[in-house]
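Trainee: Predicted model follows, preceded by the sequence.
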Amino acid sequence: MNPSMDPVERVVVGIDGSEYSTLALQTAATLAKALALRLDVVSCWSRSDIYFAAEIPVGGFPEADVLEVEATRLVEDAVERAFGPERPPGLVDVSIRYGHPGKILVDESASARLLVVGRRGRGGFLGLRLGSVSSACVAHAHCPVLVVNEPD
C-alpha cells in the first residue's frame, strides 16, 4: 500500500450475485458494524464475451445497457437475500463498476481497512477451491482480505 494513502474507515465487499457473495456480504456487514466501519458494496460487469476487443463498435456495444441493468439487478437481489427488504443502517455505498472484478477490487482495497470476497463466484469451474477473482484479491490486495467459504 502506498504509505501516503490513508485507508478510509471502510470495509469493501465484492459481490456478483452468487451464494458465496451473499455470505460475503452478510459477513462484511457484521464485521463493519462490529468495527464501526462503513460498508461499501462493489459489483462489476464487463463486455459480453461475444465481442473481441477489436470488434467492439465505436461508442460501445449494444449489450452494454442490458449488462449494466443485469448487474444492478443481481446486486439488488443479493442485498435483499442478505438483509431482507431493508438495507442495514451501515450500508453506505453500493456501486456497479465496469471492468474486471479482480482489478477493481484490488484498486478499491488501496483505500480500505478490509476486503471481503466469496470463495468463488458465478463463473469458472465449479470444482475450483478458490475462484480467479478471490485469488487475485488475496495475491494483490493492499489491505487484509477475508475469503468467505460456504457454511457447514
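Mentor: Ah, there it is.
Trainee: Rounded mean pLDDT for stretch 142-152, please.
Mentor: This predicted structure assigns stretch 142-152 an average pLDDT of 86.
Trainee: Keeping just the C-alphas, turn it into CSV.
Mentor: Output of stretch 142-152 as CSV, limited to C-alpha atoms (Å, rounded to 0.1, in the frame of the first residue of the first chain):
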residue,chain,number,x,y,z
HIS,A,142,-3.4,-3.6,-0.4
CYS,A,143,-5.3,-4.5,2.8
PRO,A,144,-6.2,-7.7,4.6
VAL,A,145,-8.6,-10.0,2.6
LEU,A,146,-11.2,-12.2,4.1
VAL,A,147,-12.4,-15.0,1.9
VAL,A,148,-15.8,-16.3,3.0
ASN,A,149,-16.5,-20.0,2.4
GLU,A,150,-19.8,-21.7,2.3
PRO,A,151,-21.4,-22.6,5.7
ASP,A,152,-21.1,-26.1,7.1
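Trainee: so how far is that stretch from its chain's centroid?
Mentor: Taking C-alpha atoms, centre = their mean, to the nearest Å, one finds the center of stretch 142-152 at 12 Å from the center of the full chain.
Trainee: So which bits of that stretch are buried?
Mentor: When neighbours are counted by 16 or more other C-beta atoms under 10 Å, the buried residues of stretch 142-152 are found to be 142, 143, 145, 146, 147, 148. Placement of C-beta: from N, CA and C, glycine included.
Trainee: I'm done for today, thanks for sticking with me.
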